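Novice: Give me coordinates for this.
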Amino acid sequence: MMGTETRLLELKERVQAVVDSTAGHVSFMMEDNCGQLLEKDCDVVKKAASLIKIPILMAALKQVDASNLSLSDRLNLDMENRVGGAGVIQYLDQETSFTLYDLLTLMITVSDNSATNKIIDLVGKDFVNKFCTEQGLSNTILERKMMDFKATDAGLENRTCARDMVACLKILLDSKSNVWNRESKQLMMSMLRAQQLLDKLPFFMNLDTVQIANKTGELPGVEHDCGIVTYGDKTLVVAVLVDDLVDNPTGKRAIQKIGRIVDEYLRSSCSI
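Specialist: Next up, the predicted model:
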């Protein structure tokens with residue numbers, strides 16, 4: 001049976017083959033629970049798309065832990081504050097009210113843009129960016145709301161990199177981290193595990209045996225996914241960010257292939 005170094009080399013070669021065959025720029029980072037690391041261009045800054053919703057979630061839970069917000073706070077979103085793109089709130093009755101817990105869940109599990117914008121209003125862009133700075137996410141910044149095309153035209157963009165996304169997710173796995181209380185950490189993990197958008201990293205995974213807590217992102221020419229993948233006692237934190245795409249399906253297929261390689265790597269690692 002293959003040793004650890006051999007399996008890591010095979011993982012690197014297989015992922016690199018996908019990168020080399022993809023008509024776009026792929027950056028990735030992978031780190032397992034033993035500290036073994038693979039990366040390529042993981043500090044290259046890219047448009048964050050909906051990956052920015054992870055630090056927004058984390059900053060919001062910081063405010064909850066500080067008793068500045070409550071998960072049970074009930075909120076309304078009038079039609080003027082509902083936007084298009086991903087999510088379901090835009091299609092719901094205007095009289096529907098939501099708790100903060102509801103909005104956070106919708107922001108992560110179905111990437112709801114209207115929910116995200118309401119949370120940005122509640123938490124504040126400055127607080128989200130302060131959180132990113134405090135956690136060492138030096139390439140992650142929130143500059144605009146979702147679907148704010150005027151801001152985009154003015155040159156404002158939300159940005160991140162593969163290393164920062166892996167760092168975000170690793171905080172949730174760190175039992176010694178005191179960034180949030182235990183309940184908030186568990187809540188964020190449960191939301192990521194309840195992800196409904198499973199058409200990238202998890203696409204080829206057997207989700208009956210492999211567990212993934214992930215968040216996707218996409219814009220024209222951009223396809224991302226990042227997640228915590230667990231099989232048995234083995235965990236791999238993965239971020240794959242693809243941009244400069246002529247067509248988005250090319251990037252999505254690349255991430256799907258990398259997800260399958262990760263799945264097979266974890267299974268082989270746990271079979272020793």
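
Novice: from here on, contacts and neighbour counts on C-alpha atoms
Specialist: Noted.

Novice: what secondary structure does Leu75 sit in?
Specialist: Three-state call for Leu75 (DSSP: H, G, I helix; E, B strand; the rest coil): strand.

Novice: give me the number of residues near it?
Specialist: 14 (other Cα atoms under 10 Å).

Novice: So Leu156, which state does it fall into?
Specialist: For Leu156, the assignment made with three-state DSSP gives coil.

Novice: can you pull the contacts of it?
Specialist: Glu143, Arg144 (Cα atoms under 8 Å, 6 or more residues apart in numbering).

Novice: What pLDDT does the model give it?
Specialist: Leu156 is assigned a predicted lDDT (pLDDT) of 97.

Novice: where exactly do the strands run in the stretch 1-150 of the chain?
Specialist: With strands called from DSSP state E, counting those that start in this stretch, the stretch 1-150 of the chain shows them at 25-32, 37-40, 46-47, 74-76, 97-99.

Novice: Of all those, which one comes closest to Gly251?
Specialist: Among those, the nearest to Gly251 by Cα to Cα is strand 25-32 (8.4 Å).

Novice: Check which helices and strands the closest one sits against.
Specialist: For strand 25-32, the packing partners by 3 or more Cα pairs under 8 Å, 6 or more residues apart in numbering; DSSP states H and E come out as strand 37-40, helix 162-173, strand 234-243.

Novice: Pick the most buried one from those.
Specialist: Highest mean neighbour count among those (mean count of other Cα atoms under 10 Å): strand 234-243, with a mean of 25.

Novice: Which strands and helices lie in contact with that one?
Specialist: Applying 3+ Cα pairs under 8 Å, 6+ apart, we find strand 234-243 packed against strand 25-32, helix 162-173, strand 222-231, helix 248-269.

Novice: From the contact counts, what lies against the longest one?
Specialist: This means helix 248-269. Against helix 248-269 (3+ Cα pairs under 8 Å, 6+ apart) you get helix 4-20, strand 222-231, strand 234-243.

Novice: now those as CSV including mean pLDDT?
Specialist: CSV is the format used below for the helices and strands packed on helix 248-269 (pLDDT from 0 to 100):
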stretch, mean pLDDT
helix 4-20, 89
strand 222-231, 98
strand 234-243, 97
